[in-house]
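Visitor: here is my input, please return the structure:
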Amino acid sequence: MEEITHRTVAVNGINMHVAEKGEGPVVLLIHGFPELWYSWRHQIVALAAHGYHAVAPDLRGFGDTDAPPAVTSYTMFHVVGDLVGLIEALGRDQVFVVGHDWGALVAWNLCMFRPDKVKALVNLSVVFRPRNPTGKPVETLRAAYGDDYYVCRFQEPGRTEAEFGRVGTSLIIKKFLTYHDPGPVIVPKEKGFGDAPDKENALPSWLSEEDLNYFAGKFEKSGFTGGLNYYRALDLDHLRSSLPAEPVIKPHVQFILNCL
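Guide: Prediction:
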């Protein structure tokens with residue numbers, strides 16, 4: 001697509017797939033769930049045309065990047081460590097950062113853990129939320145919205161994956177990417193994520209069948225567990241004291257821990 005190039009970069013103990021284009025200052029584009037580097041395909045081309053080196057990785061657990069199986073491998077220390085490793089692999093001291101959805105949350109943490117690596121930040125969809133020392137994130141969301149809130153529904157390993165499998169990858173991707181209800185996402189257990197499938201097959205103007213097929217093909221291959229593990233690690237990020245004294249991922253996670 002528009003001469004976007006692809007490569008695999010070894011960072012922070014994993015192999016990360018990266019899409020990139022252009023020369024100049026680096027703009028690091030961080031995707032959300034359930035998305036991929038492909039979410040930034042138009043921005044990559046536009047930024048390159050304006051004199052920037054646009055870089056969009058598949059985050060760990062997504063697309064063609066490695067997906068460690070353990071939930072404990074998806075804390076912000078690990079994900080931010082991946083990006084620090086990528087920035088260093090690019091040979092840059094600082095980069096511009098743009099995040100969307102989960103990517104925005106990752107970007108906020110990158111700014112907190114390693115402000116020296118961030119020249120400027122643009123975030124979409126997710127505002128900055130300081131850590132609440134009095135309550136775990138999942139417990140707080142459950143108290144506010146109930147057990148059927150989607151983040152709470154995602155917590156049990158394997159259950160959501162099985163439900164997504166019954167519904168079908170294409171329909172699940174379509175529902176997430178076209179969802180626009182501003183209210184809390186409530187998914188009753190008796191109805192599930194496949195309830196009331198779209199009556200119309202027409203996609204919005206900004207999402208083509210080719211786009212949908214790309215996302216679906218990648219998630220058919222990789223599965224959803226990697227992306228869902230971000231939600232399952234939310235309370236691990238809160239409980240910093242639960243991290244081992246010697247982090248499994250080095251050296252970037254160790255540096256981050258030393259900065260806290």
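Visitor: how about the strands in the stretch 101-250 of the chain?
Guide: Using DSSP state E, counting those that start in this stretch, the strands assigned to the stretch 101-250 of the chain run over residues 118-124.
Visitor: low pLDDT regions in it?
Guide: Scanning the stretch 101-250 of the chain with the threshold set as pLDDT under 70 gives 195-201, 239-250.
Visitor: show me the helices in it, by range?
Guide: 102-113, 137-145, 150-153, 159-167, 169-178, 209-222, 225-232, 234-238 (DSSP state H, counting those that start in this stretch).
Visitor: adding distance to residue 50, write these out as JSON lines.
Guide: Heads up, the C-betas are built off the backbone N, CA and C, glycines and all. Output for the helices of the stretch 101-250 of the chain, formatted as JSON lines (distance: least, CB to CB, whole Å):
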{"stretch": "helix 102-113", "distance to residue 50": "21"}
{"stretch": "helix 137-145", "distance to residue 50": "37"}
{"stretch": "helix 150-153", "distance to residue 50": "37"}
{"stretch": "helix 159-167", "distance to residue 50": "38"}
{"stretch": "helix 169-178", "distance to residue 50": "26"}
{"stretch": "helix 209-222", "distance to residue 50": "23"}
{"stretch": "helix 225-232", "distance to residue 50": "30"}
{"stretch": "helix 234-238", "distance to residue 50": "35"}
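Visitor: for residue 213, give me its contacts.
Guide: residue 170 (CB atoms under 8 Å, 6 or more residues apart in numbering).
Visitor: before we move on, the earlier item: out of the helices of the stretch 101-250 of the chain, nearest to residue 28?
Guide: Evaluated with CB to CB, these place helix 102-113 nearest to residue 28, the distance being 8.4 Å.
Visitor: how far out from the middle of the chain is that closest one?
Guide: 10 Å (CA atoms, centre = their mean, to the nearest Å).
Visitor: got the angle for that helix vs strand 118-124?
Guide: Angle between the axes of helix 102-113 and strand 118-124 is 150 degrees (criterion: axes from the mean of the first three to the mean of the last three CA atoms, to 10 degrees).
Visitor: which other residues reach helix 102-113?
Guide: Contacts for helix 102-113 (CB under 8 Å, 6+ apart): 29-33, 35, 59, 76-77, 79-80, 83-84, 97-99, 117-118, 121, 123-126, 128, 227, 230, 256, 259-260.
Visitor: buried subset of those residues?
Guide: Buried by 16 or more other CB atoms under 10 Å: 29-33, 35, 59, 76-77, 79-80, 83-84, 97-99, 117-118, 121, 123, 126, 227, 230, 256, out of the contacts of helix 102-113.
Visitor: which of those residues fall within helices?
Guide: Judged by DSSP state H, the buried ones among the contacts of helix 102-113 include 76-77, 79-80, 83-84, 227, 230, 256 as members of helices.
Visitor: what number of residues lie near the closest residue to residue 65 other than its chain neighbours?
Guide: The shortest distance from residue 65 to any non-neighbouring residue, by CB to CB, 6 or more residues apart in numbering, is to residue 58 (4.1 Å). Neighbours of residue 58 under the rule other CB atoms under 10 Å: 25.
Visitor: how close does residue 58 get to residue 203?
Guide: Distance, residue 58 to residue 203, by CB to CB, to the nearest Å: 23 Å.
Visitor: pick out the residue closest to the middle of the chain.
Guide: Against the mean C-alpha coordinate of the chain, by CA atoms, centre = their mean, the closest residue is residue 32 at 3.9 Å.
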